[in-house]
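In: Return a 3D structure for these sequence lines:
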Amino acid sequence: MTVWRRERPLGGRGGRDGGAGRPRAAAALAALALLLPGLARAADETAAARLPAEPLVVDLAAAGRELGRPGGEIVTLVAKPRDIRYISAYSYARLVGYDESLALKADLLAQYESQDDKVFTFTLRAGHRWSDGQPFTAEDFRYWWEDVALNKELSPSGPPEFMIVDGQLPRFEVLDPLRVRFTWDRPNPRFLPELASPRDPFIYRPAHYLKQFHARYAPKNDLDAAVKAQKVKGWATLHNRLDAMFEQTNPDLPTLQPWRVTNTAPAARFVFVRNPYYHRVDRNGQQLPYVDRVLMDIAAAGLFAAKANAGEADLLFRGLTMEDIPILREGERAKGYRTHLWPSARGSEIALYPNLTAADPVWRRLNRDVRFRRALSLAIDRRTLNNALLFGLGTEGNDTVVEGSPLYKPEYRTLHAQYDPEEASRLLDTVGLGARNGAGIRLLPDGRELEIVVETDGESMMLTDGLTLIAEFWREVGVKLFVKPQDRTVLRNRAYAGLTTMVAAQGLDLAMPTAEMPPDELAPVHQDTYAWPKWGQFVETKGKEGEPVDIPEAKTLLDLNAQWMATGDAAVQARIWGEMLRNRAENQWVIGTVAGALQPVVAKTRLVNLPDRATYSWKPTAMIGVYRMDEFFWGPERKEAAR
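Out: The predicted structure is shown next:
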């Protein structure tokens, strides 16, 4: 039996059949002409020819937005050339993507069907083209799968991990030029959410362009000449360099995103121009994006707020923090912009990660004792942190999902997270840390002072200020804290090697999940989680490196995560999420502090269709991605709305 899991919208509305049986080609275009009189009557033949036969029709009115007018450009800022890659998240065109209510819907795809999360059939839009005008077809999926993902020279580690279920790869089929199918023997509920992630995995490639750099297709003499001209080691290096779907470093690489890059580093400004074959239109038949160009100017990160204050950015959010709000407010009236304050969906603005896989045997034993972790949590005065860092507007407690998530429960936030220094001291005594030196600092079993070196990437002033306060709280119960800032890459490598005792960083990225989103961030399956890097390394390398999980409560998280991965039942998935969140709070694997920072989103007052208030996160909103930047446009001068 075929089950249509999620609706596929046409004009913002779709049936539960995901569009099954919808006529294609000429019939689809005729039906669309009735829906879009603007496209049939007002658009010239050239514009109509650029669209798929069945474009994605966005219903702006249903979302409380205005029909726009084309033209103009948006200027934003990035701290370094590599940051231009984030335009993929900002613009957020996906095979399937989240809408503002976090429902998955077809986007680049015309429709998709899922049978028990095992068999996924994708249907492309007839007449859909890459930015260079070449057809987007099933061949682009086949090329990625067979010639990139399964090619040992291009992908030495094989296909991405989310494509592997119980060690098995999917069966891939090209059904016809517009349909492909991926089939697993067991459920793969991660598949669609991964395709909707802020970092697009791009399970398709512009085959017509990349084949000229692939040894299977290109004449050897031509390929050798290209390798020599580019001064690279071989054809695989050349192919991977030019195959920059996410990095945005190859202006010649065709795209399906709303804008394409036109220049490369070194540059002080990167220019993105509209994709003439973009697949979305409004109900008047106007092709999106409304804005012709996006300009990304390079500026020092520390100057972002000052440059926004001076009116040098039309739209800016990434790189701004709550500390910037006062200076941003100052320039609003004179420079014609507004500072929107969006709630940030992050588990904790400051989270402490005791390293359970630390190399130092004394610290390893201590960090693994849940009484020690609870004591450190109970010794933190979160109310003072909230007032000092978030103007009292934050939410105090554990690193967990936020109230906007359907999975939220108050106890996940509060368990073992109240301020109780007496209980903290009692627990520390119980652990065997009752001895103190003359300064009142507790002593480790080997006689060393109980001084916790908390390492950070040194990039957040809020984090640094917060640790200064936490040091005072912990001092009251006999614990010293020493802050050690360093480069992020160095920090990660130290954690992977077991050299960190504790790391301070931001908390849960996916803090506003639905049950159908993978809970793997809660389990010891990734080495880049500072609480258990060697456990995650063991899982990621299938036992070749790292250490196996050897704490029963953490093994429970592994088992629950595996159960989630093996089912497509939303009710079962919700139950598993609940058990994992309770386990996280009970065991204090990560010590949360305060959540609920406000993210400044600076936009010129004439920029229309940007929400005044919305949730800001990396996952699942892709920062501003789900709010459809391609629908923003320049309106007439307006009086500033009253706050």
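
In: quick one: contacts for Phe122?
Out: Leu95, Leu109, Tyr112, Phe141, Arg179, Val180, Arg181, Phe182 (C-beta atoms under 8 Å, 6 or more residues apart in numbering). In this view, the C-beta of every residue, glycine as well, is placed from N, C-alpha and C.

In: Please report phi then psi for it.
Out: phi -110, psi 130 (degrees, to the nearest 10).

In: Residues in a beta bridge with it, which ones?
Out: Bridge pairing for Phe122 (DSSP bridges) gives the partners Tyr112, Val180.

In: residues in contact with the closest residue to Ala622 other than its chain neighbours?
Out: Excluding the flanking residues, the one nearest Ala622 by C-beta to C-beta, 6 or more residues apart in numbering is Pro198, at 3.7 Å. Taking C-beta under 8 Å, 6+ apart as the criterion, Pro198 is in contact with Ala89, Tyr92, Trp618, Lys619, Pro620, Thr621, Ala622, Met623, Gly625.

In: One more pass at 7 Å, please.
Out: Counting by C-beta atoms under 7 Å, 6 or more residues apart in numbering, Pro198 touches Ala89, Trp618, Lys619, Ala622, Gly625.

In: Quick check: pLDDT value at it.
Out: Looking at Pro198, its pLDDT is 96.

In: does it sit in a helix, a strand or a coil?
Out: Three-state call for Pro198 (DSSP: H, G, I helix; E, B strand; the rest coil): coil.

In: let's number from 7 now, not from 1
Out: Yes, from this point I'll number from 7; that puts the last item at Pro204.

In: From Gly602, how far out is it?
Out: 21 Å (C-beta to C-beta, to the nearest Å).

In: Can you lay out the contacts of Pro204 as CSV showing pLDDT, distance to Thr495 and secondary structure?
Out: What follows is the contacts of Pro204, written out as CSV (pLDDT from 0 to 100; distance: C-beta to C-beta, whole Å; DSSP: H, G, I helix; E, B strand; the rest coil):
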residue, pLDDT, distance to Thr495, secondary structure
Ala95, 97, 21, helix
Trp624, 95, 19, coil
Lys625, 93, 22, coil
Ala628, 97, 24, coil
Gly631, 97, 26, helix
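
In: where does the chain dip in pLDDT?
Out: 7-51, 644-649 (pLDDT under 70).

In: Regarding it, what is its longest helix?
Out: helix 576-593 (DSSP state H).

In: Would you mind listing the buried residues in it?
Out: Buried residues in helix 576-593, counted by 16 or more other C-beta atoms under 10 Å: 579, 581-587, 589-593.

In: do stretch 353-366 as well
Out: 353-364, 366.

In: What is the end-to-end distance of it?
Out: Using C-alpha to C-alpha, to the nearest Å, one end of stretch 353-366 lies 29 Å from the other.

In: For stretch 519-537, what is the distance to the chain centroid?
Out: Taking C-alpha atoms, centre = their mean, to the nearest Å, one finds stretch 519-537 lying 13 Å from the centre of the chain it belongs to.

In: returning to what we had before: how far away from the center of its chain is the longest helix of the chain?
Out: So, by C-alpha atoms, centre = their mean, the centroid of helix 576-593 is 21 Å from its chain's centroid.

In: After that helix, which helix or strand is next?
Out: Sequence-wise, the next helix or strand downstream of helix 576-593 (DSSP states H and E) is strand 597-598.

In: Check the gap between the residue nearest to Ala628 and Leu110 for me.
Out: If you go by C-beta to C-beta, the gap between Pro204 and Leu110 works out to 14 Å.

In: Extract the CA atoms of the helix or strand containing Arg379 and return them as CSV.
Out: Following DSSP H and E, the helix or strand that holds Arg379 is helix 376-384. The C-alpha trace of helix 376-384 is given here as CSV (Å, rounded to 0.1, in the frame of the first residue of the first chain):
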residue,chain,number,x,y,z
VAL,A,376,26.0,12.3,37.7
ARG,A,377,26.2,13.7,41.2
PHE,A,378,29.1,15.9,40.1
ARG,A,379,27.2,17.2,37.0
ARG,A,380,24.1,17.9,39.0
ALA,A,381,26.1,19.7,41.7
LEU,A,382,27.6,22.0,39.1
SER,A,383,24.1,22.7,37.7
LEU,A,384,22.6,23.4,41.1
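
In: Show me what it is packed up against.
Out: Helices and strands touching helix 376-384, by 3 or more C-beta pairs under 7 Å, 6 or more residues apart in numbering; DSSP states H and E, are helix 427-437, strand 597-598.

In: These: which one's closest to Asp249?
Out: Each of the helices and strands packed on helix 376-384 has some distance to Asp249 by C-beta to C-beta; the shortest is strand 597-598, at 39.3 Å.

In: Count the residues that sit near Leu160.
Out: Neighbour count of Leu160, defined by other C-beta atoms under 10 Å: 18.

In: can you check Ile209 too?
Out: For Ile209, using other C-beta under 10 Å, the count is 23.

In: Chain neighbours aside, what residue packs nearest to it?
Out: Nearest residue to Ile209 in three dimensions, chain neighbours excluded: Trp150, at 5.7 Å (C-beta to C-beta, 6+ apart).
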